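> Coordinates only, no sequence provided:
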């Protein structure tokens, strides 16, 4: 599909107003009109560029034969948006300029509904919802030769979407994510980062009013003991909510991550995802006040049933790179073994960065960029 009837430059109703100049490459941002599923009628924000030796060129303006280009598709998690990959893109651009990457390569990133510059949520969306939207987007733009880059809930979202047309994918980069049932061995989201106040319970004890601050804090927290984490969070809440002062470190990003939850349903949807960490990969049933009873179990069973045959040695045997921050239950050996069991070609291509937080693309963007180059063969 060309940037035609379902692509517009007319913004949706995102609550984000403090939009950084580098939120998207200049001239590359647009909105995609969803036509299917629970979010039909809503707009997905995305940006679409061609990485050349000279820099980033909006795909709509390039003279390169775009259908022939390999694609890197960035899929974010919670409580982030596509802006989380800004430094990875910068690192890829530096590689292209220095000759460590062979351009041209097409780069595409999307904001899920309820995040970033996409439309506001109207229900407690979970990965199976975002996967349906992403599948519609990828199909409409006819993205092929895709290196899929996923983080956090972007894992089941991106993998779940692209497994609907598995031949589109040639590479996979996984950052602190899983699509498998979380092993109940070692740390889990029931005791991380604080054993008596696990991440899965934060939505229960955090009033909606404070969720934007909690979210913008969580992305930039660094490895620390349980009481240090809690004390730092309380200080952050006082500074942001009480004094109205955003910390200097990544100020623009913190404002984006904060403002995207300046909306009731965006906050509820984000909180739902945190509550779902307790059932990651296993699936569960929950009640949505707008949609009624929802069951996520079939979604995960479908992914686990299809993944090995589609992208393992019996299928396309896509190139796989895993880059995990070590301060995270998902970085434990049993989870890595699940990835290697489903995709044996991942053996020898799994990196755990000790002393690095869950949001590895924020803390080690250069390492993630290297994984993208390796998985994509650029």
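Sure, I can see it. Predicted model only: the values in this text are computed from it and were never measured.
> Only C-alpha atoms from now on, for both contacts and neighbour counts.
Noted.
> can you give me the strands in the stretch 51-200 of the chain?
Assigned by DSSP state E, counting those that start in this stretch, the strands in the stretch 51-200 of the chain fall at 55-58, 71-75, 105-110, 146-151, 169-175.
> Report the angle between the longest one and strand 146-151.
Right, the one you point to is strand 169-175. Per axes from the mean of the first three to the mean of the last three Cα atoms, to 10 degrees, the angle that strand 169-175 makes with strand 146-151 is 10 degrees.
> So what's the gap between strand 169-175 and the chain middle?
13 Å (Cα atoms, centre = their mean, to the nearest Å).
> could you check the angle strand 71-75 makes with that strand?
Using the same axes, to 10 degrees, strand 169-175 lies at 40 degrees relative to strand 71-75.
> Identify the residues contacting the following helix or strand past strand 169-175?
Next along the chain after strand 169-175, taking DSSP states H and E as the criterion, comes helix 202-205. Contact with helix 202-205 is made by 211, 271-272, 274-275, as judged by Cα atoms under 8 Å, 6 or more residues apart in numbering.
> Specify the next element, helix or strand, located C-terminal of helix 202-205.
helix 211-218.
> From the centre of the chain outward, give me the first residue you hit.
residue 76 (1.4 Å; Cα atoms, centre = their mean).
> Now do the contacts for that one.
82, 84, 110-112, 150-154.
> got the contact list for residue 276?
So residue 276 contacts residue 200 (Cα under 8 Å, 6+ apart).
> That one: which element?
Judged by DSSP H and E, residue 276 forms part of helix 264-276.
> From the chain's centroid, how far away is the helix or strand hosting residue 339?
Assigned by DSSP H and E, residue 339 belongs to helix 333-342. Distance, stretch centre to chain centre, for helix 333-342: 20 Å (Cα atoms, centre = their mean).
> Next: stretch 93-103.
24 Å.
> I would like the residues contacting that stretch, please.
Contacts for stretch 93-103 (Cα under 8 Å, 6+ apart): 51-56, 92, 373, 378.
> Next, the buried residues of that stretch.
93-97, 101-103 (16 or more other Cα atoms under 10 Å).
> Out of the strands of the stretch 51-200 of the chain, flag the one nearest residue 234.
Of all the strands of the stretch 51-200 of the chain, it is strand 146-151 that lies closest to residue 234, at 26.4 Å by Cα to Cα.
> So the nearest residue to residue 262 once chain neighbours are set aside, which state does it fall into?
Excluding the flanking residues, the one nearest residue 262 by Cα to Cα, 6 or more residues apart in numbering is residue 15, at 6.2 Å. Following DSSP: H, G, I helix; E, B strand; the rest coil, the label given to residue 15 is coil.
> I'd like to know the average pLDDT value across stretch 260-278.
Here stretch 260-278 scores 98 as its mean pLDDT.
> which residues of the protein score low on pLDDT?
Judged by pLDDT under 70, the chain has its weakly predicted residues at 1-5.
> For it, identify the residue most remote from the centre.
The chain, Cα atoms, centre = their mean, max distance from centroid: residue 243 (30.5 Å).
> how far is the helix or strand containing residue 370 from where the chain is centred?
Residue 370 belongs to helix 365-376 when assigned by DSSP H and E. Here helix 365-376 is found 16 Å from its chain centre; the criterion is Cα atoms, centre = their mean.
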